[in-house]
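> A predicted structure for the sequence below; I have some questions about it.
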Amino acid sequence: MLADLSDWLSAQGLSTVQLTDEALQEFLWARRVAGRRVGVSGRAVAPILGFLRGLGVTPPSTVVVPATPQEALLVEYSRYLEDERGLAASTVVHYLRCARLFPASLPGH
């Protein structure tokens, strides 16, 4: 995985300093497009990313902490759609739009 990440960064003309959350998602997407079925989720690269961030050679995560339980659930659902299902970003946006409506239709909290 580390060798693949290094090769991808080189091919993109990037260094580890430029390995943002967005760049990492592009790397994972490139693995999926290449037909990889293993190591295509954020969870798969988390140990490598944690190590690199611990060394201070990659920027810290820019992930926003959800403010409400509903937002937290939507963040987890989004991660599932991207990482486990491998859906395109536009599809994830559409699914999240629909998912936001669901809790509002339930009685009570």
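Nice, I can see it. Note that the structure is predicted; figures quoted are calculated from it, not measured.
> And stretch 1-19, what's buried?
If you call a residue buried by 16 or more other C-beta atoms under 10 Å, then stretch 1-19 has these buried ones: 5, 8-9, 16, 19. (Each C-beta comes from the backbone N, C-alpha and C, glycine too.)
> CA atoms of that stretch as CSV?
Taking Å, rounded to 0.1, in the frame of the first residue of the first chain, the C-alpha atoms of stretch 1-19 are listed here in CSV:
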residue,chain,number,x,y,z
MET,A,1,0.0,0.0,0.0
LEU,A,2,2.8,2.4,0.9
ALA,A,3,4.6,1.6,-2.4
ASP,A,4,1.4,2.2,-4.3
LEU,A,5,0.8,5.5,-2.5
SER,A,6,4.4,6.6,-3.2
ASP,A,7,4.1,5.7,-6.9
TRP,A,8,0.8,7.5,-7.2
LEU,A,9,2.2,10.7,-5.5
SER,A,10,5.1,10.6,-7.9
ALA,A,11,2.9,10.2,-10.9
GLN,A,12,0.7,13.1,-9.8
GLY,A,13,3.8,15.3,-9.2
LEU,A,14,2.9,15.5,-5.5
SER,A,15,4.9,15.1,-2.3
THR,A,16,3.8,14.0,1.1
VAL,A,17,3.4,17.6,2.1
GLN,A,18,0.5,17.8,-0.4
LEU,A,19,-1.2,14.6,0.8
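> Just give me the longest helix of the protein.
Scanning the chain for the longest helix, with DSSP state H as the assignment, gives helix 89-104.
> and it, what does it pack onto?
On a contact count with 3 or more C-beta pairs under 8 Å, 6 or more residues apart in numbering; DSSP states H and E, helix 89-104 meets helix 69-79.
> Could you list the residues in contact with the helix it packs on?
For helix 69-79, the external contacting residues (C-beta atoms under 8 Å, 6 or more residues apart in numbering) are 42, 66, 92, 95-96, 99-100, 103.
> can you redo those residues as TSV with neighbour count, pLDDT and distance to Arg53?
Listed next are the contacts of helix 69-79 as TSV, based on neighbours: other C-beta atoms under 10 Å; pLDDT from 0 to 100; distance: C-beta to C-beta, whole Å:
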residue	neighbour count	pLDDT	distance to Arg53
Gly42	15	79	13
Pro66	13	71	21
Val92	17	84	25
Tyr95	17	92	29
Leu96	14	90	27
Ala99	15	90	30
Arg100	12	87	31
Pro103	12	75	34
